[in-house]
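Peer 1: predicted model follows, preceded by the sequence.
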Amino acid sequence: MTDVLKELAKVLEQRKQADADSSYVSSLHKKGLNKILEKVGEETTETILAAKDAERSGDASDLVYETADLWFHSLVMLSHLGVGPDAILNELERRFDLSGLEEKASRTNK
Ligand SMILES: N=c1c2ncn([C@@H]3O[C@H](COP(=O)(O)OP(=O)(O)OP(=O)(O)O)[C@@H](O)[C@H]3O)c2ncn1[C@@H]1O[C@H](COP(=O)(O)O)[C@@H](O)[C@H]1O
């Protein structure tokens, strides 16, 4: 399931050197972090709106599309800052089986 993330991460890295006129990702890297964060913010809002629509209509197809846009732009943001998807997958793996309530209690009891 994660192969596509790894392959996409490689492409995003390669796009740092590519011509911005022929690549959307290169154009984002060239415009810089603020532009990338603007896109992450836009896609977050669109995902929230699509989730509300999905609840109302029972049709999650727009939500899947918007979440893919959000994940994609989040990967561009991470790549721009030199962070690969492995770091996020490792963090999720570390948290696996650790109850969110227990984790929160361990922080707030300190
Ligand atoms: N997965 C994606 C992907 N998902 C979404 N997008 C683009 O993200 C943009 C989403 O922006 P919006 O929906 O806001 O549309 P827009 O109005 O055109 O955007 P703006 O003009 O506001 O920036 C669109 O241009 C989509 O085509 C993506 N562009 C690229 N990829 C992957 O990245 C690879 C490299 O892409 P290039 O760098 O363009 O070759 C591709 O082969 C794909 O695998």
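Peer 2: Great, that's in hand.

Peer 1: every contact and neighbour count from this point should use C-alpha atoms.
Peer 2: Noted.

Peer 1: count of neighbours near residue 106?
Peer 2: 10 (other C-alpha atoms under 10 Å).

Peer 1: name the element it belongs to?
Peer 2: Using DSSP states H and E, the element containing residue 106 is helix 100-108.

Peer 1: what are the buried residues along that helix?
Peer 2: When burial is assessed from 16 or more other C-alpha atoms under 10 Å, helix 100-108 yields no buried residues.

Peer 1: got the CA positions of it in PDB?
Peer 2: Backbone C-alpha positions of helix 100-108 (Å, rounded to 0.1, in the frame of the first residue of the first chain) are rendered in PDB as follows:
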ATOM      1  CA  GLY A 100      -4.500   8.000  22.200                       C
ATOM      2  CA  LEU A 101      -6.100   8.400  25.600                       C
ATOM      3  CA  GLU A 102      -3.200   6.600  27.400                       C
ATOM      4  CA  GLU A 103      -0.700   8.700  25.400                       C
ATOM      5  CA  LYS A 104      -2.500  11.900  26.400                       C
ATOM      6  CA  ALA A 105      -2.600  10.800  30.100                       C
ATOM      7  CA  SER A 106       1.100  10.100  30.000                       C
ATOM      8  CA  ARG A 107       1.800  13.600  28.900                       C
ATOM      9  CA  THR A 108      -0.600  15.400  31.200                       C
END
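
Peer 1: tell me which strands and helices that helix is in contact with?
Peer 2: Of the remaining helices and strands, none touches helix 100-108 by 3 or more C-alpha pairs under 8 Å, 6 or more residues apart in numbering; DSSP states H and E.

Peer 1: pLDDT of that helix, averaged?
Peer 2: When pLDDT is averaged along helix 100-108, the result is 82.

Peer 1: what does stretch 67-80 give?
Peer 2: pLDDT averaged over stretch 67-80 gives 98.
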